[in-house]
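Visitor: My questions concern the predicted model and sequence given below.
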Amino acid sequence: MSRAIDKVPHCTTMTEVRQGVNALDDILVPLLVQRSGFMTQAARVKNDAQLVRDEARIQAVVDRVRERAVAEGGDPALIEQLYRGMMELFIAYEHQELARQRAEGLAPKSGQE
Ligand SMILES: O=C(O)C(=O)C[C@]1(C(=O)O)C=C[C@@H](O)C=C1
């Protein structure tokens, strides 16, 4: 079984390092865009600003990605920090997407304004 960390080559120049980083960013950006699309979906499904931040789910995601990081030979603390920061940005985006969809006609759930 090949771990992600084992796929990083030994680099001797910054050109090599940056080529490697660019190649990974070409994979990461489309995945991040796709993940952001699920925030749009979540905003519509929840349809309630009070439900956007879900601390139990945040902790479950952190626990899961820490485990994945270890399995791939990475630093779980780094991955946790990245995910906590990223989820804060996605929470802000989810609020933005809920507001946008409401402005475009998404009706508030009954009992809400
Ligand atoms: O799972 C959700 O409820 C989401 O809205 C997604 C997500 C995430 O970025 O993974 C974002 C906000 C929540 O606080 C928890 C998790």
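Guide: Structure's in. What do you need?

Visitor: what's the burial count for the closest residue to Tyr93 other than its chain neighbours?
Guide: Sequence neighbours aside, Met39 is the residue nearest to Tyr93 in space, at 5.2 Å (criterion: C-beta to C-beta, 6 or more residues apart in numbering). C-betas here are computed from N, CA, C, even on glycine. Met39: 21 surrounding residues under other C-beta atoms under 10 Å.

Visitor: quick check, distance from whichever strand or helix holds Met39 to the centre of its chain.
Guide: Using DSSP states H and E, Met39 sits within helix 14-46. Distance of helix 14-46 from the chain centroid (C-alpha atoms, centre = their mean, to the nearest Å) equals 8 Å.

Visitor: What is that helix packed up against?
Guide: Helices and strands touching helix 14-46, by 3 or more C-beta pairs under 8 Å, 6 or more residues apart in numbering; DSSP states H and E, are helix 49-52, helix 76-103.

Visitor: rerun at 6 Å
Guide: Under the contact definition 3 or more C-beta pairs under 6 Å, 6 or more residues apart in numbering; DSSP states H and E, helix 14-46 sits against helix 76-103.

Visitor: Since that was my last question, I'll sign off now.
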